[in-house]
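Asks: Provided below are the primary sequence and the corresponding predicted coordinates.
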Amino acid sequence: MNDTIYLVTGAAGFLGSNVCAQLLERGEKVRAFVLEGDKAAQYIPESVEIVYGNLCDKESLRKFFAVEEGVETVCIHVASVVTVNPNYRKMVLDVNVGGTENIIDMCLEHPECRMMVYVSSTGAIPEKPYGEKIKEVYEFDLDKVEGWYSKSKAMATANVFTAVKERGLKACVVYPTGIFGPNDYSMSETTSTIIKIINGEMPVGINGSFNIVDVRDLAAGCIAAADIGRIGEGYILGNEVIRFKTLSKILCKELNCPPIKFFLPISLAERIAARMERKAAKTGEMPMMTTFSVYNLKRNNSFDYSKAQRELGYTVRPVEETLRDQAQWLREKGLI
C-alpha cells in the first residue's frame, strides 16, 4: 500500500499538470490544489483528487493538507501568478509571497509532510555579467532583480530558506528557466509565440536569446527534488542558451513553416515596448510587448544547471524533439 500523497499546487497549469501526470505514471497518489473556476481543471486526470481553493485562504489549504493518520505527504508548490508586466501588482505579491508563506505554515503544521519543493524562478536570481554562468543563490537582493514577478519569487524563495533555517521546514527549491513543450492547456506566452510562428503570423521577431526547457524535463526535475533533493538546497533547472533567431530557424526547418523575415535590434524593441506600455496605461489594455519581456531576451540567460544534473539526475532533451512533439500536440488539438 502506498502511504504517501503528493500535494501539487497549480495543478491545472502547464508545469503543475505535467508534474501530476508523471506522478500518476509511476503509481503515486496525487491531490491537486486548483483555483476555483480554472477552466484548465477539466484536463486534470480523473484519478487525481482535486481540492478547489485559494492560496491566500488558509481554510481551503487546511482541507488540501488534511490526511488520515499514518499517511505521509510531499508538497510540490508550483502555483504562482506569472506576468510579463513589470509594474507593481498587489495580486502578484499576495499570491506569490503570501500564498507561499501559507504553504510554509501548512507544511509546518503538518509533521506528516516530509518534504516541500518550492518552484521558484531563475528570475529571482540576480543577473551576472555576460560570460559568467549564473548559479544558485541563498540570499536575495530585490534591487538587483527586474520586474515585480521576479521580485515576488525572490521574496518567497528567501522566506522558504529562512523557514528551513529558523523553523525547521523540510524543503528545497528549484529554479526553472523558461518552459515550452506539449500539453500546454493554459496557453502560456511561449506556446502562443510558437503558434504564431508556425502559422506565419509573426513576420517580426526580436534579436535576443532565452533559456527554455521541455516541460516534461522540468516536471521530472521537480519530482526528483521531492524524492532526493537535499533540505535547504536550491537547484537550477535550465538548458543551454538559444537565440530567438535560432529557435525560429529550427522550428521552420522541422515543420516547414514560413520563416520570420526580420528581427528587431534589442535597443529598438525596448523603445517600442516602452511606447506600448505608455499607451496601454492610458487605454487600460495589455500591451503587445513589455519592457520586461524584452529584458528577458536581452539579459544574460546562461545558467549553471550542473548541480541538478549531479544530485537529481536532471537531464534535458534536444530542442528539436520538443518542438516536434509540441507541434504534433498542437495539431491534435486543432490549434495549428
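Replies: Happy to help now that I have it. Residues are numbered from 1 along each chain as shown.
Asks: okay but residue 287 is in contact with residue 280, surely?
Replies: Yes. Using Cβ atoms under 8 Å, residue 287 is in contact with residue 280, at 4.1 Å. Backbone N, C-alpha and C define where each C-beta goes, glycine included.
Asks: and the two? which has more neighbours close in?
Replies: residue 287 (20 against 15; other Cβ atoms under 10 Å).
Asks: need the contact list for residue 89.
Replies: Applying Cβ atoms under 8 Å, 6 or more residues apart in numbering, we find residue 89 in contact with 81, 83, 148.
Asks: what about the last one, how many neighbours?
Replies: Okay, so that is residue 148. Residue 148: 21 surrounding residues under other Cβ under 10 Å.
Asks: which residue ranges form the strands in the chain?
Replies: 4-9, 29-35, 49-53, 72-77, 113-119, 171-176, 178-180, 204-206, 209-210, 212-214, 234-237, 242-243, 262-264 (DSSP state E).
Asks: can you tell which of those is closest to residue 272?
Replies: Closest of the strands of the chain to residue 272 is strand 262-264, at 7.3 Å (criterion: Cβ to Cβ).
Asks: contacting residues around residue 103?
Replies: 9, 55, 61, 75, 77, 116, 118.
Asks: any idea how far the closest residue to residue 200 other than its chain neighbours lies from residue 196?
Replies: Nearest residue to residue 200, sequence neighbours excluded (Cβ to Cβ, 6 or more residues apart in numbering): residue 258, at 4.1 Å. Between residue 258 and residue 196 the distance is 11 Å, computed by Cβ to Cβ, to the nearest Å.
Asks: same thing with residue 160?
Replies: To residue 196, residue 160 is 36 Å away according to Cβ to Cβ.
Asks: When these two are compared, which one has more neighbours?
Replies: Set side by side, residue 160 and residue 196 show more neighbours around residue 160, with 24 against 15, by other Cβ under 10 Å.
Asks: you'd agree that one is up against residue 173?
Replies: Yes. At 5.9 Å, residue 160 counts as touching residue 173 under the criterion of Cβ under 8 Å.
Asks: what do those two both touch?
Replies: 118, 120.
Asks: For the stretch 1-150 of the chain, which segments are assigned as helices?
Replies: Counting by DSSP state H, counting those that start in this stretch, the segments of the stretch 1-150 of the chain that form helices are 14-25, 58-65, 90-93, 100-109, 148-167.
Asks: least reliable of those going by mean pLDDT?
Replies: Mean pLDDT is lowest for helix 90-93 among those, at a mean of 90.
Asks: Residues touching that helix, excluding its own?
Replies: Contacts of helix 90-93 (Cβ under 8 Å, 6+ apart): 81, 83, 148-149, 152, 155.
Asks: Mind doing that once more with 6 Å?
Replies: 81, 148, 152 (Cβ atoms under 6 Å, 6 or more residues apart in numbering).
Asks: Make JSON lines out of the residues you listed and add distance to residue 329.
Replies: Below are the contacts of helix 90-93 laid out as JSON lines (distance: Cβ to Cβ, whole Å):
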{"residue": "81", "distance to residue 329": "25"}
{"residue": "148", "distance to residue 329": "32"}
{"residue": "152", "distance to residue 329": "30"}
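Asks: Contacts for stretch 247-260, please.
Replies: Stretch 247-260 is contacted from outside by 197-198, 200, 202, 205, 320, 323-324, 327, using Cβ under 6 Å, 6+ apart.
Asks: again, only using 8 Å
Replies: Residues contacting stretch 247-260 (Cβ under 8 Å, 6+ apart): 194, 197-200, 202-205, 245, 319-320, 323-324, 327.
Asks: Then stretch 278-295?
Replies: 84-86, 146-147, 149, 189, 206, 208, 266, 269-270, 272-274, 276-277.
Asks: Selection in ChimeraX covering whichever of the residues you listed are buried, please.
Replies: Applying 16 or more other Cβ atoms under 10 Å to the contacts of stretch 278-295 leaves a buried subset, and the ChimeraX line that selects it is:
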select :84,85,86,146,147,149,206,208,266,269,270,272,273,276,277
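Asks: ok, back up a step: please identify which pair of the contacts of residue 103 lies farthest apart.
Replies: 61 and 118 (14.8 Å).
Asks: Mind checking which of these two has more residues around it?
Replies: Taking other Cβ under 10 Å, residue 61 and residue 118 do not tie; residue 118 has more neighbours (29 against 23).
Asks: ok, now how distant is the more buried one from residue 218?
Replies: Residue 118 sits 14 Å away from residue 218, taking Cβ to Cβ as the criterion.
Asks: Also residue 71?
Replies: 27 Å.
Asks: Equivalent analysis for residue 232, please.
Replies: According to Cβ to Cβ, residue 232 and residue 218 sit 21 Å apart.
Asks: And residue 96, by the same measure?
Replies: According to Cβ to Cβ, residue 96 stands 18 Å off from residue 218.
Asks: do the same with residue 242
Replies: 16 Å.
Asks: who has more neighbours, these two?
Replies: Neighbour count, other Cβ under 10 Å: between residue 242 and residue 218, residue 218 has more, with 29 against 16.
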